[in-house]
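J.: How does the following fold in three dimensions:
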Amino acid sequence: GQTSTDAPAHFVLLPPAPQCTSPVHKISLLLRRRTALSHAFFTPLLSTLLKTTLPGSVSSVSLRSSFTNRPLSMFGMFKKPELPTAATALKGRDEEMKLGSNKHFVLSNPIKGPFPENMEVVVFGTGCFWGTEKGFWRMPGVYSTAVGYAAGFTPNPTYEEVCSGRTGHNEVVHVAYDPSIVSFSDLLRLFWESHDPSQGMGQGNDSGTQYRSGIYFYSEEQKVLAEASKKAYEALLKRKITTEIIPAGPFYYAEEYHQQYLAKPGSRPYCSAQPQGISLEGVEWIPEELRSKYAPKIPATYWSQHAPRPGCTIKFDNKQVSLSSL
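T.: Reported below is the predicted structural model:
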C-alpha cells in the first residue's frame, strides 16, 4: 500500500491532530509511517528528536517504537524484533479500554459482543490492523469487525505499549461473520491473499513483533482448516510461511480512533501489506471430511473484482460488497 494516493512515497501523512494529542502518540504514528530513508540515517535523527520533544518522564533510552521495535540507538538498531516473555512483558492494568461507541462505523452493527447466536468469530493478523480490518468488513457475510491486540502477555495494553514491543501482542482484527453467507474457507483465502505471510516479525515497511502474521482460532475445525490452508498456500508461495496459528486468547479492543480508521473522515490511506498475487482457489486444500461444510460460498466474481492486489489492499470503496452486485 501507499501512504497516500496523491503524495510522493517519502512524504509522511499523519492522522488529524485531535486523534493523537499526546507527544508520545504523535511520534509513534510518525515512526509507524516511516519514510524510505535508511535505518542508519533515520534512527539517530529520531533518537535526538525524542530526547528534545518528549516529557521528562519518558526515557528515550527505554522507549521503543514501531519504526524499529527496539531502543533507538545505533548499537541496537540492527537487532531483530523479539517477543518478550511473560516475566519481561509490561504489567498492564485491570481496566478495559473504553470505547466511545459500540457501533461499527461502516456496518452499524455492534463491534463488541454478545453477537447473534448464528454468528461465528475468528481473529486475524496481517500487519497494520487498519488495512486488515477494511479488507474483512467489505466481505459479504461479515457482521462486524474490530481492531485490537492479542497473543501477548500484557492485560489491557495501550497502543503505545504494543508499539514498544514489550507486551508480546499482535495488531489484529476480530471478525464476527455469518457462516451461512461466508465460509471460513473464504475468510482464510482473504487472509492469505491480503499480505505476505513469510515476512516474520513485520509486514512491508512495518517492522516489529506487533506486525506478525497470525490466525487465532476458536474451534478445532477452525484450527484444522487454518493449518490445511497454510500448508496449501506455502506450496503455492514456494517459501516458508511464518504465520502463527494458535488458540484465540484474550482480545483487547484498541483505542476508539483505531476502530474502522480508514473509513473515518480525515483518515490517511496508509497500508503496508504486501499481497503476493497468489490465489488460494478451489476446495482441494480443504480436508475431505470438512469439504462439504466449509466449501467456499463467495462467488468468483467477488475475487475478480475485489480481491487484494499487489501494491495495496485498501484502494477500494469503504462499503461492504453486496452479493447482489456480483
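J.: In the stretch 201-326 of the chain, mark out all the helices, start to finish.
T.: Secondary structure of the stretch 201-326 of the chain (DSSP state H, counting those that start in this stretch): helices located at 220-237, 288-291, 300-306.
J.: Throw the ones you listed into TSV and include distance to N118, thanks.
T.: Just so you know, the C-beta spots here come from the backbone N, C-alpha and C atoms, and that holds for glycine as well. Shown next, in TSV, are these (distance: least, C-beta to C-beta, whole Å):
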stretch	distance to N118
helix 220-237	16
helix 288-291	19
helix 300-306	21
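J.: out of those helices, which comes closest to K134?
T.: Relative to K134, the nearest member of the helices of the stretch 201-326 of the chain by C-beta to C-beta is helix 300-306, separated by 11.4 Å.
J.: Wait, V175 touches D186, no?
T.: No. Using C-beta atoms under 8 Å, V175 makes no contact with D186, being 11.2 Å away.
J.: gap between Y211 and V321?
T.: 26 Å (C-beta to C-beta, to the nearest Å).
J.: just G168 next, same as before
T.: Following C-beta to C-beta, the distance that separates G168 from V321 is 34 Å.
J.: which stretches of this structure have low pLDDT?
T.: 1-79, 312 (pLDDT under 70).
J.: Report the distance from stretch 240-260 to the chain centre.
T.: 7 Å (C-alpha atoms, centre = their mean, to the nearest Å).
J.: Endpoint to endpoint, it covers what distance?
T.: Separation of the first and last residues of stretch 240-260 by C-alpha to C-alpha, to the nearest Å is 31 Å.
J.: Give the buried residues for that stretch.
T.: Under the neighbour-count criterion of 16 or more other C-beta atoms under 10 Å, stretch 240-260 has 241, 243, 245, 248, 251-255, 257-260 buried.
J.: Check stretch 273-287 too.
T.: Within stretch 273-287, the residues that count as buried by 16+ other C-beta under 10 Å are 273-276, 280, 285-286.
J.: again with stretch 120-136
T.: So stretch 120-136, judged by 16+ other C-beta under 10 Å, has buried residues 120-136.
J.: got it, and stretch 170-182?
T.: So, applying 16+ other C-beta under 10 Å, buried residues of stretch 170-182: 170-179, 181-182.
J.: CA atoms only for that stretch, dumped as PDB, please.
T.: Output of stretch 170-182 as PDB, limited to C-alpha atoms (Å, rounded to 0.1, in the frame of the first residue of the first chain):
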ATOM      1  CA  ASN A 170       0.000  -8.600  17.700                       C
ATOM      2  CA  GLU A 171      -2.200  -6.000  16.000                       C
ATOM      3  CA  VAL A 172      -5.200  -8.000  15.000                       C
ATOM      4  CA  VAL A 173      -8.800  -7.900  13.700                       C
ATOM      5  CA  HIS A 174     -11.700  -9.600  15.400                       C
ATOM      6  CA  VAL A 175     -14.200 -10.800  12.800                       C
ATOM      7  CA  ALA A 176     -17.800 -11.800  13.500                       C
ATOM      8  CA  TYR A 177     -19.400 -13.500  10.500                       C
ATOM      9  CA  ASP A 178     -22.400 -15.400   9.300                       C
ATOM     10  CA  PRO A 179     -21.300 -18.800   8.200                       C
ATOM     11  CA  SER A 180     -24.500 -19.200   6.100                       C
ATOM     12  CA  ILE A 181     -23.200 -16.400   3.800                       C
ATOM     13  CA  VAL A 182     -19.500 -16.500   4.000                       C
END
